[in-house]
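Engineer: here is my input, please return the structure:
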Amino acid sequence: MKSLRHIFGIGVLVITFLFSNQIFSQKRNNGANGNTRNERNLDNNRVQSTHRANDRYRTQPVRRSPHYRYPRHRHVLRYLPVHHTTIVFRGLPYYYHSGIYYTTYGNEYIVVVPPRGFRIAVLPAGHVRIVIGPSVYFYYSGVYYIDSSVNSLVVENEDRYEVTSPPIGAELDKIPEEAGEVVIDGIRYYEQNDVLYKKSENTDGKTVYKVVYSS
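Structural biologist: Model prediction:
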C-alpha cells in the first residue's frame with residue numbers, strides 16, 4: 001500500500017513539472033513574438049512608425065514647438081554677433097545675422113530654426129534659388145523662403161522673404177554637415193530640421209540631395 005502511494009506521489013510530481021514547463025515555454029514564445037523592431041515607412045509624404053527590438057534604426061523626427069525649433073546639433077553662444085538684428089515674432093524675441101537665427105537659452109543664445117511665417121527684408125548672401133514648377137524658392141543653411149511680394153500688396157522695401165515649408169522634390173548640391181543619417185526600409189536618408197533628404201543623381205549625373213519628406 002505504501003509502495004502504491006509512493007508511486008502515485010511521484011507520478012503527480014512528474015505531471016505537475018511537465019505542465020508547468022509547458023506554460024513557461026508558451027509565455028516565453030508569446031513574449032518573443034511580441035518584440036518589435038524600429039521601422040519606418042514613407043506613405044504620401046507621411047512617416048509611419050512601428051517599433052521592433054534589436055534594430056538600430058533612428059526614431060521619427062521629434063515634433064518640436066513651432067516657436068523653438070532647435071537643430072539636432074545645438075550651437076550655443078555666450079554673445080550674439082555684433083551687427084545682429086532683433087525681431088519679435090509672435091511675442092518671442094529672435095536675433096538674426098547673416099542667415100542664422102538665434103534665441104535666448106538661459107543666460108546664453110542658441111542657434112534655432114525660424115518658425116514658418118517669419119519674414120526678413122533681404123535674403124542672406126550665398127542663398128540658392130530653387131524652381132519647382134511655377135514656384136520659386138530660396139534656400140540657405142537649412143531654411144527655405146518664398147518671395148511673399150509676388151501677387152501681393154507687400155511693399156518692396158518691407159520684409160518680403162517668408163520662411164516656408166521645404167518643397168517636396170527640391171534638389172540641393174549639398175546639405176549641412178550636421179544632417180544625421182536615418183535608414184527607412186533599408187534605404188539611407190539624411191535628416192535635418194525634420195526634413196528628409198535622399199541622395200541621388202540628377203539628369204546631368206550630378207549627386208544631389210532631394211527633399212522627400214517634410215513635417
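
Engineer: okay, now the unreliable bits of this structure?
Structural biologist: Low-confidence segments of the chain, defined by pLDDT under 70: 1-74, 151-157.

Engineer: domain map for it?
Structural biologist: With domains defined by the TED database, the chain comprises 76-111, 168-214.

Engineer: please identify the most buried of the ones you listed.
Structural biologist: domain 168-214 (a mean of 15; mean count of other Cβ atoms under 10 Å). The C-beta positions use only the backbone N, C-alpha and C, and glycine is treated the same way.

Engineer: and the helices in the chain?
Structural biologist: 2-33 (DSSP state H).

Engineer: specify the beta-bridge partners of the residue nearest to residue 166 when sequence neighbours are not counted.
Structural biologist: Counting by Cβ to Cβ, 6 or more residues apart in numbering, residue 166 lies nearest to residue 214, which is 4.5 Å off, once chain neighbours are set aside. For residue 214, the beta-bridge partners under DSSP bridges are residue 195.

Engineer: also residue 145?
Structural biologist: When assigned by DSSP bridges, residue 145 has beta-bridge partners residue 138, residue 163.

Engineer: figure out which of the domains of the chain is closest to residue 117.
Structural biologist: Residue 117 sits nearest to domain 76-111 of all these, at 7.7 Å, using Cβ to Cβ.

Engineer: how long is the closest one from one end to the other?
Structural biologist: 7 Å (Cα to Cα, to the nearest Å).

Engineer: next: stretch 132-150.
Structural biologist: This stretch, stretch 132-150, spans 15 Å end to end (Cα to Cα).

Engineer: what's in contact with it?
Structural biologist: Stretch 132-150 is touched from outside by 71, 99-101, 113-114, 119-120, 123-124, 126-131, 154-156, 160-167, 169-170, 172, 175-176, 192-193, 195, with contacts defined as Cβ atoms under 8 Å, 6 or more residues apart in numbering.

Engineer: among these, which are in strands?
Structural biologist: Applying DSSP state E to those, the entries found in strands are 100-101, 119-120, 128-131, 161-164, 172, 192, 195.

Engineer: and which of those residues is nearest to residue 94?
Structural biologist: residue 101 (5.6 Å).

Engineer: can I get the domains of the chain in a markdown table including distance to residue 142?
Structural biologist: Below are the domains of the chain laid out as a markdown table (distance: least, Cβ to Cβ, whole Å):
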| stretch | distance to residue 142 |
| --- | --- |
| domain 76-111 | 10 |
| domain 168-214 | 5 |
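
Engineer: beta partners for residue 92?
Structural biologist: When bridges are called by DSSP bridges, residue 92 pairs up with residue 89.

Engineer: distance-wise, check it relative to residue 174.
Structural biologist: 31 Å (Cβ to Cβ, to the nearest Å).

Engineer: now residue 193
Structural biologist: From residue 193 to residue 174 the distance is 15 Å (Cβ to Cβ).

Engineer: one step back: wait, the residue nearest to residue 166 touches residue 193, no?
Structural biologist: No - Residue 214 is beyond contact range of residue 193, at 9.1 Å (criterion: Cβ atoms under 8 Å).

Engineer: ok, now which ones touch the spatially closest residue to residue 208 that is not a sequence neighbour?
Structural biologist: Using Cβ to Cβ, 6+ apart and skipping the chain neighbours, the partner closest in space to residue 208 is residue 171 (4.2 Å). Neighbour list for residue 171: 130, 202, 208-211 [criterion: Cβ under 8 Å, 6+ apart].
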